[in-house]
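Visitor: need a structure here:
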Amino acid sequence: MVDADQTFVIVGGGLAGAKAAETLRAEGFTGRVILICDERDHPYERPALSKGYLLGKEERDSVFVHEPAWYAQNDIELHLGETVEAIDRTAKTVRFGGDGTLVRYDKLLLATGAEPRRLDIPGTDLAGVHHLRRLAHAERLKGVLAALGRDNGHLVIAGAGWIGLEVAAAAREYGAEVTVIEPGPTPLHGVLGPELGNLFAELHREHGVRFHFGARLTEIVGQDGMVLAARTDDGEEHPAHDVLAAIGAAPRIGLAEAAGLEITDRAHGGGIAVDEQLRTSDPDIHAAGDVAAFHHALFDTTLRVEHWANALNGGPAAARAMLGRDVTYDRVPYFFSDQYDLGMEYSGWAPPGSYDEVVIRGDAGKREFIAFWVKEGRVLAGMNVNVWDVTDPIQQLIRSKTQVNTESLADPHVPLESLVP
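Guide: Numbers count the residues shown, from 1 in each chain. Got it, this is the predicted structure:
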């Protein structure tokens, strides 16, 4: 039973935390809502940090989830630049990291997100080594890319995942020279497999990006604190004035782990284990966003999803569950990317080895197509490239688990909606 005397605490001021706070008020909760953010900026959305904002096409204010005044107007106690250093599950309190203040909670939401993985090699302390996760990172990188473009400078990017490729595209638009170092055989190999990974490699090569596959950075060479070059484990040396580490993100589970909450193994995301209501092993603590790992019945596996849509939808779902609403969180994973003149959306989950074939509908050569990852006739995932307004039927096909005629799937003249039972 929820009443006006209760206190709900949200740790994490990203999109998931901010949308959870918004949902609590929208659902009629009149108790105390405390939102704790370890950054000094108001809660913001991250996609623009490697896309429009990084390119200078979107204003800084456009990234914020709400206007600053919204929090006071909705009686949300917003603590910026504050950390939580401990949870006492018996006393049901959180302890602030600064002055040790204790705050009691009735329900607690952990939306602590993820942090960039660090390169464990010599030279990472040089001034020209960067990460991209926070607004401050994007602000700094924006200036770096502009300077590299102006001076014909070289950027080396470690990692050909989504962040690495989006920054590569931005850097080329600024005019910088770009080399991408990737241990896999193609970009995005772990997400798209070789078939579609090669398409992204060709896209970037056409725009002047150099790839070095099958290699890892072993050292960043510098002088007087500045970057001069990047060396790889195959003996190559690449000129560099700046280096971006884009080798993935790790869930911020330290607080949950210290509190004794169940954590999934690395094979299943290494996040905070939650059920279909985003409830942790403690029934009064929920988790949402990048840090939460949940069993997805549709794919019969435990997933931890690091994409914008998961934070957008997971925060509200957790808030409703905290209020005692009947919640089943089973959204089809979704993300999008913009690189040069290519825009894409991806729905589903189909890592290499999970599918039999990739079916193409449209013209991959013109980069106007939909790709489907299919196993025994069932669509596991779909990616639309420069083709729009098809996310709903793609997700319906995935949810239906129905065997589909692959010739019809490949035929642009057959409406996708007609293939959904």
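Visitor: didn't residue 382 look like it was pressed against residue 373?
Guide: Yes: taking Cβ atoms under 8 Å as the definition, residue 382 is a contact partner of residue 373 at 7.4 Å. For the C-beta atoms, the positions are set from N, CA and C on the backbone; glycine is no exception.
Visitor: Overlap of the contact sets of the two?
Guide: Shared contacts of residue 382 and residue 373 (Cβ atoms under 8 Å, 6 or more residues apart in numbering): residue 348.
Visitor: so how far is whichever strand or helix holds residue 145 from its chain's centroid?
Guide: Using DSSP states H and E, residue 145 maps to helix 135-151. Mean-position distance between helix 135-151 and its chain equals 21 Å (Cα atoms, centre = their mean, to the nearest Å).
Visitor: now stretch 403-417
Guide: 31 Å.
Visitor: now do the same end-to-end measure for it.
Guide: 14 Å (Cα to Cα, to the nearest Å).
Visitor: what residues does that stretch touch?
Guide: Taking Cβ under 8 Å, 6+ apart as the rule, stretch 403-417 contacts 357, 359-362, 372, 374, 376-379, 390, 393-394, 396-397, 419.
Visitor: I would like a PyMOL command selecting only the buried ones among the residues you listed, please.
Guide: Those of the contacts of stretch 403-417 that count as buried under 16 or more other Cβ atoms under 10 Å are selected in PyMOL with:
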select buried, resi 359+360+361+362+372+374+378+379+390+393+394+396+397+419
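Visitor: Restricted to strands, list the contacts of stretch 403-417.
Guide: 357, 359-362, 372, 374, 378-379 (DSSP state E).
Visitor: which one of these is nearest residue 291?
Guide: Distances from residue 291 to these, taken as Cβ to Cβ, are shortest for residue 379 (28.8 Å).
Visitor: now the ones in strands among the contacts of stretch 403-417 as JSON lines including distance to residue 175?
Guide: Converted to JSON lines, the ones in strands among the contacts of stretch 403-417 look like this (distance: Cβ to Cβ, whole Å):
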{"residue": "357", "distance to residue 175": "40"}
{"residue": "359", "distance to residue 175": "38"}
{"residue": "360", "distance to residue 175": "34"}
{"residue": "361", "distance to residue 175": "36"}
{"residue": "362", "distance to residue 175": "32"}
{"residue": "372", "distance to residue 175": "37"}
{"residue": "374", "distance to residue 175": "41"}
{"residue": "378", "distance to residue 175": "45"}
{"residue": "379", "distance to residue 175": "41"}
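Visitor: Going by distance to residue 295, which of these wins?
Guide: residue 378 (19.2 Å).
Visitor: Residue 194 is in contact with residue 185, isn't it?
Guide: Yes: in this structure, residue 194 is within contact of residue 185 by Cβ under 8 Å, at 6.4 Å.
Visitor: Could you give the separation between the terminal residues of stretch 389-408?
Guide: 19 Å.
Visitor: Tell me the helices and strands packed up against the strand or helix carrying residue 229.
Guide: Counting by DSSP H and E, the element that carries residue 229 is strand 226-232. The contact analysis (3 or more Cβ pairs under 8 Å, 6 or more residues apart in numbering; DSSP states H and E) places strand 226-232 against strand 177-182, strand 217-223, strand 237-239, strand 242-245.
Visitor: which of those sits most buried?
Guide: Burial of the helices and strands packed on strand 226-232 is given as mean neighbour count (mean count of other Cβ atoms under 10 Å); strand 242-245 ranks first at a mean of 26.
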